[in-house]
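Undergrad: 3D, please:
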Amino acid sequence: MIDHCINRRTLLGLLAGGAVTAALPGFGHAAAPAPLMRPIPKSGERIPAVGMGTWITFNVGQNTALRDQRTEVLRTFFDMGGGMVDSSPMYGSAEDVMGYCLERLPSTKGLFSATKVWTPSDSEGVEQVADSMRLWGLNKFDLFQVHNLVNWENHLAMLRERKQQGDIRYIGITTSHGGRHDEMLRIMNTKDIDFVQFTYNIADREAERRLLPTAADKGIATIINRPYQRGGLISATAGKPLPAWVSEIGITSWAQYLLTFVISHPAVTCAIPATSKIEHMAENMGRMAAPLPAPKLRNRMIQDFERL
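TA: The predicted structure follows:
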């Protein structure tokens, strides 16, 4: 535990020192950018643009050492201004582990709790809401989503009722791996929802064609999963030199390059990269107070990536 804390403090100090970037010609950014916050269109509430996922990374069962290490990952997340934590009953022990971690932190100020219903059964959907509240140790959730559109019509109706009762603040739907966009669009265009979650990254930009513009038009907040294609993009760029120009906007690694591309899209509310490592969490959160590329530079990022 002590080693983790020392490592975390060192990383936080280094990143804090590099987070204040001088104004750069053509980038239109202040000398000390404020942490990047994005509004939830339906309410105007602002949340950090970098959140965290828990798929695989927090599914560590009853292993106390791994649970304690994940607690330090979560501590780093909150210390660096994190908000949204996204999970699901599908993610094995992740919700139970999240409750363990939250209970051991002195402060979880800023937590934006997000989880899902994932079952074809109406009654089990109701049970999952209760189970998630118990596992996380919460009596109210910020966001409940219908996972991968499973039985979405009935679950969405149930979640809307719980929202009206005050148990849930926002409701939404999710998909991943670039699938079921037509159905997502139909729901976005016909149902009153607050959030949508889908895959978007520099290699899979299908969401730019319809999902992101529709979300912006309909006033629906967006959560981006798989910004690294579950590590595939990190592996694909391993050992490759970064384009020299990206140092001008504070990018020092391919992970930051990939995450910056995602959160710089104006219709993206929050990206939720998952990690089990303190240093990777600090690296992700370091983009919260760094300059973002303008549209022309985003196009340049695509071109440079595709040349690899």
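Undergrad: and residue 30, what pLDDT?
TA: The score at residue 30 is 36. That number is its pLDDT.
Undergrad: which ones are touching residue 253?
TA: With Cβ atoms under 8 Å, 6 or more residues apart in numbering as the criterion, the residues that contact residue 253 are 242, 283. All C-beta atoms are positioned from the backbone trio N, CA, C, and that covers glycine.
Undergrad: put the alpha carbons of stretch 244-259 into CSV.
TA: What follows is stretch 244-259, C-alpha atoms only, in CSV (Å, rounded to 0.1, in the frame of the first residue of the first chain):
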residue,chain,number,x,y,z
ALA,A,244,6.7,15.8,-33.2
TRP,A,245,4.1,18.5,-33.3
VAL,A,246,1.8,17.0,-30.6
SER,A,247,4.2,18.0,-27.9
GLU,A,248,3.0,21.5,-28.5
ILE,A,249,-0.4,20.5,-26.9
GLY,A,250,1.2,18.5,-24.1
ILE,A,251,0.9,15.0,-25.5
THR,A,252,3.7,12.7,-24.4
SER,A,253,2.4,9.3,-25.2
TRP,A,254,0.2,7.4,-27.7
ALA,A,255,-2.4,6.9,-24.9
GLN,A,256,-2.8,10.6,-24.5
TYR,A,257,-2.9,11.1,-28.2
LEU,A,258,-5.7,8.6,-28.6
LEU,A,259,-7.7,10.0,-25.6
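Undergrad: would you mark the buried spots in it?
TA: Using 16 or more other Cβ atoms under 10 Å as the burial criterion, the residues of stretch 244-259 that qualify are 246, 248, 249, 250, 251, 254, 255, 256, 257, 258, 259.
Undergrad: tell me the one of those residues nearest residue 187?
TA: When the buried residues of stretch 244-259 are compared for distance to residue 187 (Cβ to Cβ), residue 259 wins out at 27.3 Å.
Undergrad: and the helix or strand harbouring the closest one, how far out from the chain middle?
TA: Assignment of secondary structure by DSSP states H and E places residue 259 within helix 254-263. A distance of 12 Å separates the C-alpha centroid of helix 254-263 from that of its chain, computed with Cα atoms, centre = their mean, to the nearest Å.
Undergrad: what do you get for stretch 35-46?
TA: 14 Å.
Undergrad: how near is the residue most central in space within the chain to residue 44?
TA: Among the residues of the chain, the smallest C-alpha distance to the mean C-alpha position (Cα atoms, centre = their mean) belongs to residue 272, namely 1.7 Å. Distance of residue 272 to residue 44, given as Cβ to Cβ, to the nearest Å: 21 Å.
Undergrad: now swap in residue 235 and tell me
TA: When Cβ to Cβ is applied, the distance between residue 235 and residue 44 equals 39 Å.
Undergrad: and residue 159, by the same measure?
TA: Plainly put, residue 159 is 21 Å away from residue 44 if you go by Cβ to Cβ.
Undergrad: between these two, which is the more surrounded one?
TA: Taking other Cβ atoms under 10 Å, residue 159 and residue 44 do not tie; residue 159 has more neighbours (28 against 7).
Undergrad: look up how far residue 210 lies from the more buried one.
TA: Between residue 159 and residue 210 the distance, using Cβ to Cβ, works out to 24 Å.
Undergrad: buried residues of stretch 140-160, list them for me.
TA: If you call a residue buried by 16+ other Cβ under 10 Å, then stretch 140-160 has these buried ones: 141-152, 155-156, 158-160.
Undergrad: re earlier: quick one, what contacts the residue nearest to the centre of the chain?
TA: Applying Cβ under 8 Å, 6+ apart, we find residue 272 in contact with 51, 52, 53, 84, 86, 223, 224, 225, 227.
Undergrad: mind doing that once more with 7 Å?
TA: Neighbour list for residue 272: 51, 52, 53, 84, 86, 223, 224, 225 [criterion: Cβ atoms under 7 Å, 6 or more residues apart in numbering].
Undergrad: just give me the neighbour total for the first one.
TA: Other residues near residue 51 number 24, with proximity taken as other Cβ under 10 Å.
Undergrad: I'd guessed it sits against residue 270; true?
TA: Yes: using Cβ atoms under 7 Å as the test, residue 51 is close enough to residue 270 to be in contact (4.7 Å).
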